[in-house]
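In: Here is my input; please provide its structure:
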Amino acid sequence: MNMIVEAQSRAMGGPLNGVPLGPGLPGIDISRPVGLPEQRRLRRTFIKLTGQSSLSGPPPPSDAESAKRMFLDYLNRELGNA
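Out: Residues are numbered from 1 along each chain as shown. This next block holds a predicted model:
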């Protein structure tokens, strides 16, 4: 979350495309400013969604790297529709 806030401050309100968040992780694309409260809400929603057991959906992440990847995919999907 802090990396996203820092990248937004460097972009001065402009769009963020392919912000690198770590080696081997997908970048994040944000077309509008996203405040910390919204980022926290998205994180809580993601945690709730991954905690639900569903037979039709993908299994919850088994390690930290796959959890990070799934979270970044979720953020790109949610923030890309804005």
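In: what's the following helix or strand after the helix-or-strand element of the chain with minimal mean pLDDT?
Out: The weakest-scoring helix or strand in the chain, judged by mean pLDDT, DSSP states H and E, is strand 16-19 (a mean of 69). Using DSSP states H and E, the helix or strand that follows strand 16-19 towards the C-terminus is strand 28-30.
In: roughly how far is that next one from the heart of the chain?
Out: Taking CA atoms, centre = their mean, to the nearest Å, one finds strand 28-30 lying 8 Å from the centre of the chain it belongs to.
In: Toward the C-terminus, what is the element adjacent to it?
Out: Sequence order places helix 36-51 as the next helix or strand after strand 28-30, per DSSP H and E.
In: State the mean pLDDT of that following helix.
Out: Here helix 36-51 scores 89 as its mean pLDDT.
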